[in-house]
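S.K.: next come a sequence and a model predicted from it.
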Amino acid sequence: MNSLSFFHGNQLCQIAPERDGEGFIGLRNGRVVATAPDRASVARALIKAARWRKDQTEEAVAVP
């Protein structure tokens, strides 16, 4: 199996099989963000993590 790469905003996301072949890992800018047994779950986790991170930075800016 090959890895799948895509951009979510300005973040490079990659989904690749684990080394042991029993699932997938999700990387954002080279860091492991998610693991799951199927690619779709990893993709959802990558996108949700990016949304969560964006919401956290907006809250941090809004607080005086």
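M.R.: Thanks, I have the structure now.
S.K.: is the residue nearest in space to the middle of the chain in a helix, a strand, or coil?
M.R.: In the chain, the residue lying closest to the centroid (CA atoms, centre = their mean) is residue 46, at 2.5 Å. Recorded secondary structure, residue 46: helix (DSSP: H, G, I helix; E, B strand; the rest coil).
S.K.: show me which positions of stretch 34-49 end up buried.
M.R.: Judged by neighbour count (16 or more other CB atoms under 10 Å), stretch 34-49 contains these buried residues: 34, 36, 39, 41, 42, 43, 45, 46, 47, 49. (Each C-beta comes from the backbone N, C-alpha and C, glycine too.)
S.K.: how close does the third one sit to residue 31?
M.R.: Which is residue 39. 18 Å (CB to CB, to the nearest Å).
S.K.: any stretches of this structure with poor pLDDT?
M.R.: 1, 50-64 (pLDDT under 70).
S.K.: repeat the analysis, applying 80 as the threshold.
M.R.: 1, 8, 49-64 (pLDDT under 80).
S.K.: out of the buried residues of stretch 34-49, who's nearest residue 20?
M.R.: Residue 20 lies nearest to residue 36 out of those, by CB to CB, at 14.0 Å.
S.K.: excluding its backbone neighbours, what's nearest that closest one?
M.R.: Leaving aside its chain neighbours, residue 36 sits nearest to residue 42 (4.7 Å; criterion: CB to CB, 6 or more residues apart in numbering).
S.K.: secondary structure element for that neighbour?
M.R.: Counting by DSSP states H and E, the element that carries residue 42 is helix 39-62.
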